[in-house]
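*Asks:* What follows is a predicted structure for the sequence shown.
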Amino acid sequence: MKHFYLACALMTVGCAVDDGDVDAEKLSTSTSDSDLFGGFRLPNNFPMINGLGFATTYSAEGSIDLGSTFFEDLGTNDRTCGSCHKATEGWTVAAERVRLVFELTGGRDPIFRTNDGTNSPNADVSTVAKRRQAYSMLLNRGTIRVGLPVPSPAEFELVAVDDPYHYASAAELSLFRRPLPATNLAAIPVVMWDGRVTGTSIPDALANQANGATQGHAQRPTPLTDETRRAIVDFESALFSAQQVTLGIGLTDAAGSLGGAQNLASQEIVASRFNLFDSWAESSNPYRRAAYRGQELFNTRTRTTGGGPCRNCHSAENFGTNVNGTFFNVNVSTLHRQADQPLYTFRQISTGVTIQTTDPGRALITGKWSDMNKFKVPSMRSLASRSPYFHDGSAKTLLDIVHFYEESLSFAFTPSEEQDLVAFMASL
């Protein structure tokens, strides 16, 4: 069953695969995704169905090489980059489909590994029922466990831990985070949610990330060669993903609009407003008009407290990342802690002030109190393919995102405006 999920995804491709049919004998005996699908290429803009329509991926290389290094087994636990970055799920993982894979494989797919997939590395995975419990954060939130220590020196100290999985400590906090999409990387100014992977440039940082992920997530004992790192970075850096068809709206690049992955591939990285759906302002299609209104709410609606609109943080035109690589605290780690999340209490050493958080974010990298609960601004494209949302998977739907920001940052929208924002995000 090792390749079952990827095989199922490519079975939906059918005759669209360029180089012929998958060999059944090869399917049963291959040892890596590269062996299994080597030589097959997924055409640009092939539709990947999601709950709101379908998304596509456009590669600047002309097509998507399913036998590339990105899909090779380079570690010791059968994982590849593609195990947690799936084309069908916006090049990350969607919790709903993770649950399906669990049921189809009994929790034996390579994504289910105890080093970071379970709620604790010590979790009992001896039976299907115990695996379902052990992988509950991955199944329900689509999160991978990241283990990081409290840095030294730091402006704060850990004074209490409430971990439902009885593992976390100052030596290794358990941080449950969504895998970031391995697409639309042309617009990212920093790597990882907390910016902990760096380099002389973004491609260099991505190469370091590829190596760290292979040695960590795939448990490879030795570093990747420079050639292998470059091959992974070249593959993922060429990818652009976006929603191509949204229910009710139809094609997102119709009637003069600029939606879709192929348009995104030529998008300049600048700080400016979203303008994808300007041509729909007077559309005869009410769903398209709603998406345009949502776009303008995103661009212009300020907060009741006087703060700026959404696009002030999501500043990269039509990508939604932050062009400056600024880290923000939007209170995801401090509002509505749920019973399945560890809770940490930190004290600022100089003042004695304490805070409680489910994930300190950037502060664990810099050691600065002012960086508590700050995270990078992710790309907003292809949102419909990759629920749930936020770094911790706490927002199950696009409407949940809107409601969260109304509470957290004091935005005020009417019910109809909320639906307009959802129409906008669903079409990204």
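*Replies:* That came through, no problem.

*Asks:* other SSEs contacting the helix or strand hosting Asn211?
*Replies:* Element membership of Asn211, judged by DSSP states H and E, is helix 202-216. Helices and strands touching helix 202-216, by 3 or more Cβ pairs under 8 Å, 6 or more residues apart in numbering; DSSP states H and E, are helix 226-237. Quick note: C-beta positions are derived from backbone N, CA and C, even for glycine.

*Asks:* residues touching the residue sitting nearest the centre point of the chain, list them.
*Replies:* The chain has Leu180 as the residue nearest its centroid, 3.1 Å off, counting by Cα atoms, centre = their mean. Residues near Leu180 by Cβ atoms under 8 Å, 6 or more residues apart in numbering: 92, 192-193, 378.

*Asks:* now Leu239
*Replies:* 57-59, 64, 91, 182-185.

*Asks:* Now do the phi/psi pair for it.
*Replies:* phi -90, psi 140 (degrees, to the nearest 10).

*Asks:* do the one 4 residues further on as well
*Replies:* When read as degrees, to the nearest 10, the backbone of Gln243 gives phi -70, psi 130.

*Asks:* Can you report how many residues lie near it?
*Replies:* For Gln243, the tally of surrounding residues (other Cβ atoms under 10 Å) stands at 28.

*Asks:* Would you mind confirming that it is in contact with Met425?
*Replies:* No: judged on Cβ atoms under 8 Å, Gln243 makes no contact with Met425 at a distance of 9.2 Å.

*Asks:* Overlap of the contact sets of the two?
*Replies:* Contact with both Gln243 and Met425 is made by residues Leu383, according to Cβ under 8 Å, 6+ apart.

*Asks:* thinking again about what came up before, between which two of the contacts of Leu180 is the distance greatest?
*Replies:* Thr92 and Met192 (13.2 Å; Cβ to Cβ).

*Asks:* Please identify the buried residues of stretch 65-78?
*Replies:* 65-75, 78 (16 or more other Cβ atoms under 10 Å).

*Asks:* Serialize those to a markdown table and add fields for pLDDT and secondary structure.
*Replies:* Shown next, in a markdown table, are the buried residues of stretch 65-78 (pLDDT from 0 to 100; DSSP: H, G, I helix; E, B strand; the rest coil):
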| residue | pLDDT | secondary structure |
| --- | --- | --- |
| Asp65 | 96 | strand |
| Leu66 | 94 | coil |
| Gly67 | 94 | coil |
| Ser68 | 96 | coil |
| Thr69 | 97 | helix |
| Phe70 | 98 | helix |
| Phe71 | 97 | helix |
| Glu72 | 97 | coil |
| Asp73 | 97 | coil |
| Leu74 | 98 | coil |
| Gly75 | 98 | coil |
| Asp78 | 97 | coil |
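
*Asks:* got these as a markdown table, with distance to Phe390 columns?
*Replies:* Formatted as a markdown table, the buried residues of stretch 65-78 follow (distance: Cβ to Cβ, whole Å):
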| residue | distance to Phe390 |
| --- | --- |
| Asp65 | 32 |
| Leu66 | 30 |
| Gly67 | 34 |
| Ser68 | 30 |
| Thr69 | 30 |
| Phe70 | 26 |
| Phe71 | 28 |
| Glu72 | 31 |
| Asp73 | 31 |
| Leu74 | 30 |
| Gly75 | 28 |
| Asp78 | 29 |
